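Visitor: pasting a predicted model and its sequence here:
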Amino acid sequence: MRELNWKGSGFMRIVALVGQKGGVGKTTTTMNLAAVMAKHSRVLVVDVDPQQSTTWWAGRAGEDLPFDFAADVDPGHLLRLRQLDYDTIIIDTPGNLEDTSVLTAVLDVADFVILPLNPEPLNIAPMLRTVTQHVAPRGIAHRVLLSKIDRRRAGQLEDWERLVDEQLKLPRFSQCIRLYAAHADAPLEGRVVTQYPDTRANSNAIYDYTHVAMELMSIWANETSRVEAN
Ligand SMILES: Nc1ncnc2c1ncn2[C@@H]1O[C@H](COP(=O)(O)OP(=O)(O)OP(=O)(O)O)[C@@H](O)[C@H]1O
Ligand SMILES: [Mg+2]
């Protein structure tokens with residue numbers, strides 16, 4: 001792990017992966033989004049999950065990790081992240097947020113919240129609760145990320161896109177994250193998506209995260225031009 005550089009940057013964005021339902025893909029998205037963003041910018045991943053899945057994964061990757069990593073961060077110290085010299089900081093949060101003090105600390109510092117949603121009906125209510133009780137009232141920009149989408153199931157993606165757009169009426173990434181066996185094996189192998197073997201399925205996996213990263217960049221570019229215009 002490289003030394004943290006405490007310089008501070010005006011254009012930093014802090015992104016939190018949030019979801020009060022376990023296993024939706026917060027850790028997988030954190031690691032893989034960080035990997036694609038690290039190709040062109042300085043990225044730090046922060047683990048505030050006491051389960052430390054991200055930390056365990058990063059430990060398996062060792063020196064091969066293409067971004068910086070801060071393990072076991074006390075949520076009370078998150079405000080200090082602003083002083084660091086990174087373009088993007090991605091925070092992985094616990095699945096069980098019964099203790100909302102962690103969520104509160106993360107949302108106090110986050111500029112953007114990604115809400116992964118799997119195509120499972122029981123995942124809808126916890127995600128909606130997170131948005132309506134915690135994210136929307138604070139006015140933090142957020143988008144649902146449809147994840148673990150099985151493209152072999154005809155119509156699944158389209159049905160869930162419609163549900164998010166028309167019934168839940170929540171903002172959503174155009175790009176979804178498809179279901180790939182390679183993602184399930186990645187933590188043990190200590191790999192992130194940009195390090196997967198060069199196969200067709202893996203290039204699709206890289207495509208998914210790259211396009212989510214591009215959507216984020218485009219949202220931020222629009223925000224910056226709005227600020228500059230005022
Ligand atoms: N797109 C995907 N394709 C296949 N498997 C996936 C995908 N995304 C996540 N998984 C697998 O699903 C499981 C849960 O994912 P992950 O650990 O990222 O979720 P999480 O939201 O961080 O869970 P927790 O709430 O427990 O922290 C893991 O076994 C992971 O490898
Ligand atoms: Mg996790």
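Guide: Structure's in. What do you need? Ligands and ions are numbered 1, 2, ... in the order given.

Visitor: what about the lengthiest strand in the chain and ligand 2, any contact?
Guide: Taking DSSP state E as the criterion, the chain has its longest strand at strand 141-149. No. Taking CB under 5 Å from the ion as the criterion, strand 141-149 and ligand 2 are apart, separated by no less than 12.2 Å. Bear in mind the C-beta positions are built from the backbone N, C-alpha and C, glycine included.

Visitor: could I have that strand exported to CSV, CA atoms only?
Guide: Taking C-alpha atoms only, strand 141-149 is exported to CSV below (Å, rounded to 0.1, in the frame of the first residue of the first chain):
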residue,chain,number,x,y,z
ALA,A,141,-27.0,13.0,-5.8
HIS,A,142,-27.7,9.3,-6.2
ARG,A,143,-28.4,6.6,-8.8
VAL,A,144,-29.7,3.1,-8.6
LEU,A,145,-27.3,0.6,-10.3
LEU,A,146,-29.0,-2.5,-11.5
SER,A,147,-26.6,-5.3,-10.6
LYS,A,148,-26.3,-9.1,-11.1
ILE,A,149,-28.5,-8.9,-14.2
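
Visitor: mind checking the pLDDT average for the helix or strand following it?
Guide: The first helix or strand that comes after strand 141-149 along the chain, using DSSP states H and E, is helix 156-162. Mean per-residue pLDDT for helix 156-162: 98.

Visitor: excluding residues flanking it in the chain, which one is nearest the closest residue to ligand 1 within the chain?
Guide: The nearest approach of the chain to ligand 1 comes at residue 95, 2.1 Å away (CB to the nearest ligand atom). Nearest residue to residue 95, sequence neighbours excluded (CB to CB, 6 or more residues apart in numbering): residue 22, at 3.1 Å.

Visitor: number of residues surrounding the one you found?
Guide: Per other CB atoms under 10 Å, the neighbour tally for residue 22 reads 13.

Visitor: give me the pLDDT for it.
Guide: pLDDT at residue 22 comes out at 88.

Visitor: distance check, it against ligand 2.
Guide: From residue 22 across to ligand 2, the span is 8 Å (CB to the ion, to the nearest Å).

Visitor: how close does that residue sit to residue 87?
Guide: Distance, residue 22 to residue 87, using CB to CB, to the nearest Å: 30 Å.
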